[in-house]
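Asker: I would like to see how this sequence folds:
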Amino acid sequence: MTTSRSRRTIGAAALLTAGLLLSACGARVDDAGAGDAAAAPSCVDSSGPEIKVGFLNSRSGTMAISENTVFDSLSLAAEQINAAGGVLGKQLSVVAEDGASEPTIFAEKAQKLIRSDCVAAVFGGWTSSSRKAMLPVFESNDSLLFYPVQYEGLESSENIFYTGATTNQQIIPALDYLKEQGVTSLFLVGSDYVFPQTANKIIKAYAAANGIEVKGEEYAPLGHTDFATIVAKVRDAGAGAVFNTLNGDSNVAFFKEYRNLGLTPDVMPVLSVSIAEEEVGGIGVDNIVGQPVAWNYYQTIDSPTNQQFVEAFKAKYGATRVTSDPMEAAYTSLFLWKGMVEKAGSFDVAAVQAAAGGVSHDAPEGTVTVNGENHHIAKTALIGKIGTDGLIHTEWSSGEPIEPDPFLRTYPWAGELAD
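Answerer: As a prediction, the model looks like this:
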């Protein structure tokens, strides 16, 4: 198996941030691989009737609008796994921590879960900043993180399993869809952190290769609520569509202002990659109805497995609750970990890593399979539109799962991005 040192890609700024974060957590990172040699022995105890797992989500702060539902779906999965006999005959004991929408806190809590709580694996994170902050923590401690959210790609780690979409399973299909719809110009709007900035570099490379003009690019801090200036720039640019990588509750303010200025999906559609069913309620259906989104799962998927999932979620949390892509990917991640552990016959990290390739699960989104080389999973791309019922209805599908290509090796236009 290839070492995590050779398979990992971390930007210099992210690595510097990670080093500063880890110094506060007591772990050592001197370069991209220094943490590997310093890994402390695992303190996971599998001798009793229970095995600990960690849930690390933003239960507070600007990302709570999105991450609380991920925590709920993880809790449902743990409950169902325990009811079915657990993992290797052991009941899951959940240790939950609040990342509080701050990357530094995610790193600190990850260190606590691994070294103090001795969990067998951690499930959570949302923003790429939180993942980048946690990555060296998991590598230096040789522990496992299951990350459930679509992201910008260009990364692979033996210590992370990515159960959300990478770029070629969400953003590139979204761009293909817009191109098919006749869109020849874009305006890019995003939150000011890793995912939107990197995603927009990829989008601009795609646009240059496909004759699409980028008429503007604007960023706002996470939690930003005044979008009058940015939306005015969007309106005046007159692009064919907006590609939206805003995260968290900033979307509420953006779409309200968008509607206030008379911009509609017919005039200038906004294709979003971080707005799912849970966020629609917070934004307000009237403010976003008809807008397109790109994901790999919607509550409206018509399959027996998804129907069972939706019914179980509503039975546990209330009939008005909705399911969404990140929470489904998180829910699925716990079952994938279970499959890896049972295939390995052990909770040992190295054994789980060795067993991961080819592990499949009949998930609500459809059958997903782990790629043992890059730790991503094959996923079907879906473009949907937000209906008056607040749900997302599929408009376009890739038809079959797309193999993950996080480094965009199979896309000639990606050029230096892939390197």
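Asker: Helices of the stretch 1-150 of the chain, residue ranges please.
Answerer: All helices of the stretch 1-150 of the chain, identified by DSSP state H, counting those that start in this stretch, fall at 4-7, 12-25, 34-37, 64-83, 103-115, 128-141.
Asker: Same check on the stretch 251-400 of the chain?
Answerer: Ranges of helices in the stretch 251-400 of the chain, per DSSP H, counting those that start in this stretch, are 277-283, 285-288, 304-317, 325-344, 349-355.
Asker: Okay, buried residues for the shortest one please.
Answerer: By neighbour count, with 16 or more other Cβ atoms under 10 Å as the criterion, the buried positions of helix 285-288 are N287, I288. Where you see a C-beta, it was placed from the backbone N, CA and C, and this is true even at glycine.
Asker: Just list what that helix packs against, helices and strands only.
Answerer: Contact here means 3 or more Cβ pairs under 8 Å, 6 or more residues apart in numbering; DSSP states H and E; on that basis helix 285-288 packs against helix 250-260.
Asker: tell me what the helix it packs on is packed against?
Answerer: helix 228-237, strand 270-272, helix 277-283, helix 285-288.
Asker: Ranking the ones you listed by mean neighbour count, which comes first?
Answerer: strand 270-272 (a mean of 26; mean count of other Cβ atoms under 10 Å).
Asker: ok, and what's touching it?
Answerer: Identification of contacts with strand 270-272 by Cβ atoms under 8 Å, 6 or more residues apart in numbering yields 174, 177-178, 189, 241-246, 251, 255, 258, 291-294, 383.
Asker: With adjacent residues omitted, what lies nearest to the most centrally placed residue in the chain?
Answerer: Centroid-nearest residue in the chain, with Cα atoms, centre = their mean: V149, separated by 1.0 Å. Nearest residue to V149, sequence neighbours excluded (Cβ to Cβ, 6 or more residues apart in numbering): G164, at 4.3 Å.
Asker: Is the one you found within a helix or a strand, and which one?
Answerer: Assigned by DSSP states H and E, G164 belongs to no helix or strand.
Asker: Equivalent analysis for the one 10 residues further on, please.
Answerer: Secondary structure assigned from DSSP H and E places A174 in helix 171-180.
Asker: which helices and strands does that helix pack with?
Answerer: Looks like helix 171-180 contacts helix 194-209, strand 241-245, strand 270-272, strand 292-295, strand 382-386 (3+ Cβ pairs under 8 Å, 6+ apart).
Asker: can you list the ones you listed in CSV and add distance to E97 and mean pLDDT?
Answerer: Putting these into CSV (distance: least, Cβ to Cβ, whole Å; pLDDT from 0 to 100) gives the following:
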stretch, distance to E97, mean pLDDT
helix 194-209, 21, 96
strand 241-245, 27, 98
strand 270-272, 28, 98
strand 292-295, 26, 98
strand 382-386, 32, 98
